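Engineer: quick one, fold the following:
(2 chains)
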Amino acid sequence: MATIEALLITLLLTTGMRSGGSLIEAPVPGATRDYYAAVFLNRSHVSVGASANIGLFRRQSDTVWKNIYRPNLFTFGIGMWEKGSTRRYYIAAGNGVHRSDDGRASWRVLTDWRTEEVLSLALDPADSSRLYIGTPLGVFRSADDGKSWQKKSKGMKKGFVQKVVMDHFNRTTLYACSEDDLYYSADAAEHWTPLRVGVKGVMTVVQHPVDPAHLLVGTEDDGVWVSFNRGKSWSKGSGLPPSAIYALSVSSDTKTIYAGGYLTGVWKSMDGGLHWIPVWQSDLLEAVYTIFVDQEHPRHLMIGTSGQGIFESFDEGVTWRHAGLRGCHVKQIELYP
Amino acid sequence: MKAMTTKKLASALLVMIASVLQCTPAQESAAPRDAFETRRMRLIDVVSRERDRSFNTVTAKLFSGNDKTYALTVLDSLTTDESIGGMFYAYSAIGTYLKFRDQLPDSMKRKIRQAFRARTMYRGDTENHWVMYYTGMYLAAQTWPHEGRSEWFNGKSSEENFREAEGWLNHWINLSSTIGQGEFDSPTYFITFIAPMLTMYDFANDPLMKRKAQMMVDLLFVDYAAEHLAGNYCGGHSRDYPDDIANPLAAPSALWAWLYFGEPKMELWQENRYRPRNRGSWETIFGATSTYRLPEIIYRIATDRSRPYVHTESKRVRNVIRFGREMNPPVYKYTYMTQLYALGSLQGGILQPIQQHTWDVTYASDKPNNTVFTLHPFYSGKELAMFFPEEQKFLSDEVNRYHFVYTNPNKWNSSSPFEQTFQHKNALIVLYDLDETAQQPHIDGFFPKNLDEREPHNSGWVFCRAGSVFIAMYPLKRGEWIEEGPNWRWRGNEKQNGVVVEVGSTIEDGTFEAFKDLVVQGHPEMKHTRESVGLDYTTRHGDRMSFMFGGERILNGKTIDFKSYKFFAGPFVLSERGSGIVRMMYNNDVRELDFKKALVREWRQ
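Structural biologist: Numbers count the residues shown, from 1 in each chain, chains lettered A, B, ... in the order given. Below you'll find the predicted structure:
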């Protein structure tokens, strides 16, 4: 026991843990379900050729992830649409939206040069023909299964849209994270209205799964801002460092909200985002891009980082283990059937 | 009435001539053409003896018949190795296929076809990437038409790939011929535009696309020609590698000048001082084996430096996706060309991320490092985020992984929001106004060690002589001289600073002493306010220049209006911004590229 403790302390010292959670190395049994990760960059493979070893990865075992599509796809995000026996997989990538209708056996790029890079996508759960994408040039919508795309940025002052998100409760309501504000559309992206967060550079938005009026945004330089009335008024979350927040996730208990960003580590809030406490801060964490919360097992967390791949915790962030893709920028992690 | 009739007749005659010439490649007179033929065959021969694993050597070997077996082995390796791919591969692979399809065994053809089926042709994220990618996709889809979605790496049919590539290429040609390229005038990246367009010209089946490609090749060459001096691509550059900035004839564009303009006279690959970079420029083989022939008028524009001239251009900033008010703000270029040197500048500011080269003096020389310039080595995540969609907080670090020097305080390429210029003929004012956000609190000047003279004068001027060329630089604040490999680095550590530059030569000034005597009379008067830096300066030719950082540029009491800048303006090239009509002029000969109508007209005035 003493030996294990000594080993753990040595590991913590050598792996750069600063405060909060701790890093462990022991494999955790039963952790191999069907996880997917979007890898944007791999610092071990600086290449614009065919072998950058980035793209869509699927977990093979504890720490082993396999690139299952293209080895050089600059991947910003992934998505899955499911109804009955129909299952469609999506990738938001540097060269457009990719879709597979046959269980990832084959893929097709749905967009062309007009959309440039596709930074995020929002899928209509009731209608697979309707898609929204966030791009550097604004929001684009397709209403015909990706055959054609229309730019839908009316009302937006700036074009750049980091993320577009669909309301959990209303398919025609959308949120778009822009460089100057969070925008809201009540008519399927036809018109956009600024929600006046009061902070430039909105990087991400999350809507509470139970309370549709409860919104949180992560910003480029000013932490997290919260609204409990669908954006009519905003409050700044306290406790977080004044840095960029890229990741916000709500636990399945609907009470715990996690946040992560640039040089912030992982934080959590138990009061809807008004106050934040550190979960794990480490020199290993330059940036946390994404936080995956297992909806069946809320104590199970995974984070996608810049350059360090994926870390995983099975105890709500008390201890962490490296879970693969070292060297990679992991933009999104999902668990799909 | 009589005059009008004459004018009408002249117009009618012009239309007749134009209609005759619109599909005819321009003819070159015998002498330059023969010399070109000699050079291109020489290049093919030299490259065909190379052993490196590239489409360039494969092309040279198959074209010349020299070592065909080895060429096929290399080609087999290139088509089998799936670690190779992307936009460079896309246009090179299909170009090689189309050029030699009669020679290639069926198995090889199938492998090249398979590459477009199984391998991701990464599109990339820059203008040159897209030109290479869409050229490759256009020609591949043309070569294998009527094939279904499952036959292409991106799940699009031949028809869909062809239409997409055609759409973007037309969009790019339209932009480039009306408001300019974003990656304009780049000695480093010139190859990545000219080689795909030559390939498109050689193999596009659609006569309209073929003609447009020919016109783009003409445009790229005449754009270079107007600022060409003895193999050097002069003036400000959107993007350039530090090695190419510090040693202009080592840039890949120099070998294209050798091939098409016949300058420099030396075979660059034989010269150790230039050879390392030029061995990376065998893409010229795409020119040497092309059916395209440079119109003589462009050759004349590139090589006639009998009279000095001012050449201005307006280009565009690369797509600004964040933190900007418009997508492609204009870039203003001013270049003064002479027989012995060129002084050229961009207006300053952030016009391109990472690799901008704002100004320099470049002189004709038989020595390397034939240039003098200053810069502020700026870097910022926000600058990069203006152009790239990734998170700005660590974009600088990521860019460093590709370009290695982005955050280096000693780098020799940089845009900077703290740098602005004002040029009039062979005099230039460069102002620097660094604020507290500037991570590098200094400015640097590049002075080659092989200058014949470099003399800090007690008047405050630094006088330099390179053969018959004289350069004077007046730093507004005192700096230090740091000795480095091939150069001296002049470093100014004041945040509000600047330099005045005068350039002359034996032709203009007679002797170095006479040049110095004239220059020292024009002592710059600084106008240093709390808010900004600026100065009044009277050039040695008596022109009064007044410039405050962030303020107007005033020449002889009149404000310079950048908005009046044309797309091209000078004695050799003229084009109204947005018109799509580029007129080349040499003596009485005129060649006009009408991109709106996809027509080439030629006439004699």
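
Engineer: which phi and psi does B:G522 have?
Structural biologist: Main-chain torsions, B:G522, degrees, to the nearest 10: phi -100, psi 60.

Engineer: OK, contacts around A:G201?
Structural biologist: A:G201 makes contacts with A:179-180, A:219-221, A:244, as judged by CB atoms under 8 Å, 6 or more residues apart in numbering or on different chains. C-beta here means a position set from N, CA and C on the backbone, and glycine is covered the same way.

Engineer: so which of those residues are also by chain B?
Structural biologist: Filtering the contacts of A:G201 for neighbours of chain B using CB under 8 Å from any CB of the partner chain leaves A:179, A:220, A:244.

Engineer: give me the PyMOL select line for the contacts of A:G201, limited to the buried ones.
Structural biologist: Applying 16 or more other CB atoms under 10 Å in any protein chain shown to those, the buried members can be selected in PyMOL as follows:
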select buried, chain A and resi 179+180+219+220+244
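
Engineer: can you lay out the contacts of A:G201 as a markdown table showing secondary structure and distance to A:A213?
Structural biologist: Shown next, in a markdown table, are these (DSSP: H, G, I helix; E, B strand; the rest coil; distance: CB to CB, whole Å):
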| residue | secondary structure | distance to A:A213 |
| --- | --- | --- |
| A:E179 | coil | 25 |
| A:D180 | coil | 23 |
| A:T219 | strand | 20 |
| A:E220 | coil | 24 |
| A:D221 | coil | 26 |
| A:A244 | coil | 25 |
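
Engineer: farthest pair in the contacts of A:G201?
Structural biologist: Pairwise distances across the contacts of A:G201 peak at 15.6 Å for A:D180 and A:A244 (criterion: CB to CB).

Engineer: closest one of the ones next to chain B among the contacts of A:G201 to B:L351?
Structural biologist: Distances from B:L351 to those, taken by CB to CB, are shortest for A:E179, at 20.4 Å.

Engineer: so the closest one touches B:G324, yeah?
Structural biologist: No. Assessed by CB atoms under 8 Å, A:E179 is found out of contact with B:G324, at 9.9 Å.

Engineer: can you list the residues of chain B near chain A?
Structural biologist: B:82-89, B:119-120, B:122-125, B:129-130, B:134, B:149-150, B:153-156, B:164, B:167-168, B:171, B:319, B:321-323, B:389-394, B:398, B:401-402.

Engineer: in helices only, show me those residues.
Structural biologist: If you go by DSSP state H, the residues of chain B next to chain A have B:87-89, B:129-130, B:134, B:164, B:167-168, B:171, B:398, B:401-402 in helices.

Engineer: of those residues, buried ones?
Structural biologist: By 16+ other CB under 10 Å, those give B:87-89, B:129-130, B:134, B:164, B:168, B:398 as buried.

Engineer: for the residue nearest in space to the middle of chain B, what are its contacts?
Structural biologist: Central residue of chain B (CA atoms, centre = their mean): B:D185, 2.1 Å from the mean position. B:D185 makes contact with B:223-224, B:227, B:233, B:235-238, B:313, B:315, B:333, according to CB under 8 Å, 6+ apart.

Engineer: again with A:R299
Structural biologist: A:313-316.

Engineer: please repeat the previous calculation with a cut-off of 7 Å.
Structural biologist: Shown in contact with A:R299 (CB atoms under 7 Å, 6 or more residues apart in numbering or on different chains): A:314-316.

Engineer: for B:I179, grab the count of nearby residues.
Structural biologist: Burial measure for B:I179: 18 neighbouring residues, criterion other CB atoms under 10 Å in any protein chain shown.

Engineer: repeat for B:E283
Structural biologist: Other residues near B:E283 number 24, with proximity taken as other CB under 10 Å.

Engineer: A:T172 too?
Structural biologist: 14.

Engineer: check whether the residue nearest to the centre of chain B sits in a helix, strand or coil.
Structural biologist: coil (DSSP: H, G, I helix; E, B strand; the rest coil).

Engineer: and it, what are its phi and psi?
Structural biologist: Main-chain dihedrals, B:D185, degrees, to the nearest 10: phi 50, psi 50.

Engineer: check B:H442 too.
Structural biologist: Dihedral angles of B:H442 (phi, psi; degrees, to the nearest 10) stand at phi -150, psi 170.

Engineer: list the residues that contact the residue nearest to it when sequence neighbours are not counted.
Structural biologist: Nearest residue to B:H442 in three dimensions, chain neighbours excluded: B:N493, at 5.0 Å (CB to CB, 6 or more residues apart in numbering or on different chains). With contacts defined as CB under 7 Å, 6+ apart, the neighbours of B:N493 are B:441-442, B:479.

Engineer: ranges for the strands of the stretch 1-150 of chain B?
Structural biologist: Here the stretch 1-150 of chain B has no strands by DSSP state E, counting those that start in this stretch.

Engineer: distance check, the closest residue to chain A within it against B:N450.
Structural biologist: Proximity of the stretch 1-150 of chain B to chain A (CB to the nearest CB) peaks at B:G85, 2.7 Å away. As judged by CB to CB, to the nearest Å, B:G85 and B:N450 stand 42 Å apart.

Engineer: before we move on, what about B:Y89?
Structural biologist: 39 Å.

Engineer: got it, and B:W130?
Structural biologist: Noted for B:W130: a distance of 39 Å to B:N450, by CB to CB.

Engineer: spit out the contact partners of the nearest residue to A:D211 once chain neighbours are set aside.
Structural biologist: The shortest distance from A:D211 to any non-neighbouring residue, by CB to CB, 6+ apart, is to A:F228 (7.5 Å). By CB under 7 Å, 6+ apart, A:F228 lies in contact with A:213-214, A:272.

Engineer: mind checking which of those are buried?
Structural biologist: Neighbour counting by 16+ other CB under 10 Å classes A:214, A:272 among the contacts of A:F228 as buried.

Engineer: filter the contacts of A:F228 down to the ones close to chain B.
Structural biologist: Filtering the contacts of A:F228 for proximity to chain B by CB under 7 Å from any CB of the partner chain leaves nothing.

Engineer: B:P475: which of the contacts of A:F228 is nearest?
Structural biologist: B:P475 has its nearest neighbour among the contacts of A:F228 in A:G272, at 58.6 Å by CB to CB.

Engineer: can you list phi and psi of that closest one for me?
Structural biologist: Note on A:G272: its backbone torsions stand at phi 80, psi 0 [degrees, to the nearest 10].

Engineer: look up how far A:G260 lies from it.
Structural biologist: Taking CB to CB, one finds A:G272 at 17 Å from A:G260.

Engineer: how about B:N426?
Structural biologist: Computed as CB to CB, the B:N426 to A:G260 distance reads 56 Å.

Engineer: and these two? Which one has more around it.
Structural biologist: Using other CB under 10 Å as the criterion, B:N426 and A:G260 rank with A:G260 on top: 28 against 24.

Engineer: not counting sequence-adjacent ones, nearest residue to the more buried one?
Structural biologist: Among residues not flanking A:G260 along the chain, A:V288 sits closest, at 2.8 Å (CB to CB, 6+ apart).

Engineer: can you name the element that comes right after the one helix or strand that neighbour maps to?
Structural biologist: Assigned by DSSP states H and E, A:V288 belongs to strand A:288-293. Beyond strand A:288-293 in the direction of the C-terminus, DSSP H and E gives the next helix or strand as strand A:301-305.

Engineer: appreciated, that's everything.
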